[in-house]
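1. Okay, sequence plus prediction incoming.
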Amino acid sequence: METKYIFVTGGVVSSLGKGIISASIGKLLQARGYKVTIQKFDPYINIDPGTLNPYEHGECYVTVDGMETDLDLGHYERFTGIETTRNNSITTGRIYKTVIDRERHGDYLGKTIQVVPHITDEIKRRMLRDGLDEGLDFVITEVGGTIGDIESAPFMEAIRQLRWQLGRNAVCVHLTYVPYLKAADELKTKPTQHSVKELQGMGIQPDILVLRTERHLDDALRMKVASFCNVDLECVVQSEDMPSIYEVPVSMQRQGLDAAIMRKIGIPVGETPAMKSWHDFIRKQCSATREVHIGLVGKYDLQDAYKSIRESLNLAGIYNDVKARLHFINSEEVTSENVAEKLAGMAGIIICPGFGQRGIEGKIIAAEYTRTHDIPTFGICLGMQMMVIEFARHVLGYADANSCEMNPQTTHPVIDLMEEQKTITQMGGTMRLGAYDCELIAGSKTAEAYGDKPLIKERHRHRYEFNNQFAEEYEQKGMRLVGINPTAHLVEIVEIPTLRWYIGTQFHPEYSSTVLHPHPLFMSFVKACSDGTVKA
């Protein structure tokens, strides 16, 4: 069949969960046997979120081909199992850069370059590209921000034009908020009405409304929204607060969201797919009662900063029949005097990734404490580097051991800048990014976690590496280098085999963990945590 296009927009406020709804739609259509992709269009002018502080935009997700993207792509991959690429994440910055580069090249033959048609044409080209190039059944396009944002106007105009060009092959799903006013004891639909009115003012009539709500909406309220917004009643669905985001696809299916989309596009609905594996996962999630408390030692006191790590731990907990209770531990506040108190009751510790000097000494102190007290520890990217530095200081005896990122004058640079990075002057998009091969040492805990595979491929986002000059000393003193890149001979994984579970990875395994296929390292780590101390 011809490729169908679903545009997901949002109104009233941000952070309503457009990414979760987009991922849920993708999952439901996959369950019906369709080939699907999901793409995110972000209106900000940055080329990508790679240089953004996590406090600005949450986690920076990385695709297999090395594109730094919005965290919503993590939701897309975890829900659908699709490996996204740079084509799945587009910003205003990338759109404008493409158009300006073409103008400089002379491609427009002297035309005056304008938002309409040149910017909107480039947006449309990218919105259509995946469907045209890959023979997909559905392309789901989520537009960031909210209706009325000045930055998103060209995207809305592009959608308006595409809806007219594509006819029944395109639908618009609009997500809005229905607030509850406690003083009046009422749910209010006026914000939704205003949001839809603004969308209509841009020439777009939504086909389906998803009402984000903290309280159940009755049929009378849904009927009111339907009549005021020119939408069929069956096309007004509610997205209530759920115990878990993974229950959202089940809720959307129960309300017939996927069926409504298919009817609007003109495809026979057929039987509702069973989604057995997904329902088995939900049942497993609900049946877990024992709790395992895991500390995340990092410097970003923001849930979205470590989103993929949190979700990977939650998924691994469910498959290990436990509930992973996660506790943020601010590494800036960790000292030698209080580390025992800060880490008290934790069955395991994640030493989180990040960049820069702030908070690293607290991570090093935490790594020493967990190493000397045999607490399961998982260091990711910078976290692995802190484990390496701690070992150099307290086992190898190099008191000034450090990373050249933190102290360029250190006489023992156990973490050093990659050779090819030394001539780079720009920050954005210049790190070691994307999936690289890694050979595993047979007999290691890491290899066992991966099912004794000799070769794996994992995603990276970093500039600094383990300094191979010190490799022999580490091996002799008990920290094994158990994962090596076969081409560049870079150290990817370290572990201390004499401890219960003490592993650091230069890559980011959290990017590869999905609902139906949790990452093996997180599975192994949570199992080690659940087999040991559990906080009461």
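-> Yep, that arrived.

2. helices or strands up against the host helix or strand of I350?
-> According to DSSP states H and E, I350 maps onto strand 348-351. When contacts are defined as 3 or more CB pairs under 8 Å, 6 or more residues apart in numbering; DSSP states H and E, strand 348-351 packs onto strand 291-298, helix 360-372, strand 377-380, helix 382-391, helix 520-530. Backbone N, C-alpha and C define where each C-beta goes, glycine included.

3. So which of those is nearest A488?
-> Of all those, helix 382-391 sits nearest to A488, with 16.6 Å by CB to CB.

4. partners of the strand holding I350 in the sheet?
-> strand 291-298 (parallel), strand 377-380 (parallel) (DSSP bridges).

5. just to revisit the earlier point, with mean neighbour count as new columns, can the helices and strands packed on strand 348-351 be given to me in JSON lines?
-> Converted to JSON lines, those look like this (neighbours: other CB atoms under 10 Å):
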{"stretch": "strand 291-298", "mean neighbour count": "24"}
{"stretch": "helix 360-372", "mean neighbour count": "22"}
{"stretch": "strand 377-380", "mean neighbour count": "28"}
{"stretch": "helix 382-391", "mean neighbour count": "27"}
{"stretch": "helix 520-530", "mean neighbour count": "24"}
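
6. surely I95 meets K124?
-> No. Contact criterion CB atoms under 8 Å: I95 and K124 do not qualify, at 10.5 Å.

7. which of those two has more neighbours?
-> Comparing I95 with K124 by other CB atoms under 10 Å, the one with more neighbours is I95, at 23 against 18.

8. Next up, the contacts around the closest residue to that one other than its chain neighbours.
-> Spatial nearest neighbour of I95, chain neighbours left out: E122 (5.2 Å); criterion: CB to CB, 6 or more residues apart in numbering. The contact partners of E122, by CB atoms under 8 Å, 6 or more residues apart in numbering, come to I95, T98, V99.

9. how about the strands paired with strand 348-351, which one is nearest Q469?
-> The nearest among the strands paired with strand 348-351, by CB to CB, is strand 377-380 at 20.5 Å.

10. Show the contacting residues for the spatially most distant residue from the centre of the chain.
-> Largest separation from the mean C-alpha position in the chain: G110, at 41.7 Å (CA atoms, centre = their mean). For G110, the contact set (CB under 8 Å, 6+ apart) is empty.

11. thinking again about what came up before, could I get the strands paired with strand 348-351 in CSV, plus columns for mean pLDDT?
-> As requested, those are arranged in CSV below (pLDDT from 0 to 100):
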stretch, mean pLDDT
strand 291-298, 96
strand 377-380, 98
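
12. Including distance to L16, could these go into CSV?
-> Formatted as CSV, the strands paired with strand 348-351 follow (distance: least, CB to CB, whole Å):
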stretch, distance to L16
strand 291-298, 26
strand 377-380, 29
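
13. quick one: which of these is nearest T505?
-> Using CB to CB, the nearest of the strands paired with strand 348-351 to T505 is strand 377-380, at 6.0 Å.

14. Show me what that closest one is in contact with.
-> Applying CB under 8 Å, 6+ apart, the set of residues contacting strand 377-380 is 309, 348-353, 367, 370-371, 385-387, 501-505, 508-510, 521-522, 525.

15. At which residues are the strands of the stretch 401-536 of the chain located?
-> 402-403, 413-417, 432-440, 455-462, 464-466, 480-484, 491-495, 502-505 (DSSP state E, counting those that start in this stretch).

16. Distance check, A226 against D207.
-> As defined by CB to CB, to the nearest Å, A226 lies at a distance of 12 Å from D207.

17. Give me the common contacts of the two.
-> In contact with both A226 and D207: C235, using CB under 8 Å, 6+ apart.

18. okay, these two: which has more neighbours?
-> A count of neighbours by other CB under 10 Å puts D207 above the other of A226 and D207, at 22 against 17.

19. so who does that one touch?
-> Here D207 is in contact with V171, C172, V173, V231, C235, I261, K264 (CB under 8 Å, 6+ apart).

20. I'd like the distance from the third one to G383, if you could.
-> Per CB to CB, V173 is found 38 Å from G383.

21. go on, the last one?
-> Look at K264 and G383: by CB to CB, they are 47 Å apart.

22. next one: the fourth one
-> Separation of V231 from G383 (CB to CB): 48 Å.

23. repeat for the second one
-> Distance check for C172 against G383: by CB to CB, it reads 42 Å.

24. what does the first one give?
-> Using CB to CB, one obtains 43 Å as the distance from V171 to G383.

25. what's the answer for Q30, then?
-> 33 Å.

26. And for F41?
-> 32 Å.

27. Likewise for D232?
-> In terms of CB to CB, D232 sits 50 Å off from G383.

28. hmm, who's touching the strand holding I350?
-> Contacts of strand 348-351 (CB under 8 Å, 6+ apart): 292, 294-298, 309, 313, 343, 363, 366-367, 370, 375-380, 383-384, 386-387, 501, 504, 525-526, 528-529, 532.

29. Identify the residue spatially nearest to F355, adjacent ones excluded.
-> L382 (6.9 Å).

30. Could you double-check that that neighbour sits in contact with E465?
-> No. Between L382 and E465 there is no contact, the gap being 11.8 Å when judged by CB under 8 Å.

31. hang on, the earlier thing: which one of the strands of the stretch 401-536 of the chain lies nearest to E240?
-> Nearest to E240, of the strands of the stretch 401-536 of the chain and by CB to CB, is strand 455-462 at 33.7 Å.

32. Buried residues of that closest one, list them for me.
-> I456, E458, R459, H460, R461, H462 (16 or more other CB atoms under 10 Å).

33. for these, which one is nearest P408?
-> H462 (16.9 Å).

34. Tell me what that closest one is bridged to.
-> Applying DSSP bridges, one finds that H462 bridges with R432.

35. Number the chain from 220, please
-> New numbering, starting at 220: the last item is H681.

36. And it, how far from Q604?
-> 8 Å.

37. between these two, what contacts are shared?
-> Q725.

38. first to last residue in stretch 712-726, what's the distance?
-> 8 Å (CA to CA, to the nearest Å).

39. Mind listing what's buried along that stretch?
-> I712, V713, E714, I715, L718, W720, Y721, I722, G723, T724, Q725, F726.

40. Show me where the stretch 220-369 of the chain dips below the pLDDT cut-off.
-> Applying pLDDT under 70 to the stretch 220-369 of the chain flags residues 349-352.

41. still on that earlier bit, which ones among the contacts of D426 are found in strands?
-> V390, C391, V392 (DSSP state E).

42. Dump those residues to JSON lines, plus pLDDT and neighbour count.
-> Below are those laid out as JSON lines (pLDDT from 0 to 100; neighbours: other CB atoms under 10 Å):
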{"residue": "V390", "pLDDT": "97", "neighbour count": "22"}
{"residue": "C391", "pLDDT": "97", "neighbour count": "21"}
{"residue": "V392", "pLDDT": "97", "neighbour count": "26"}
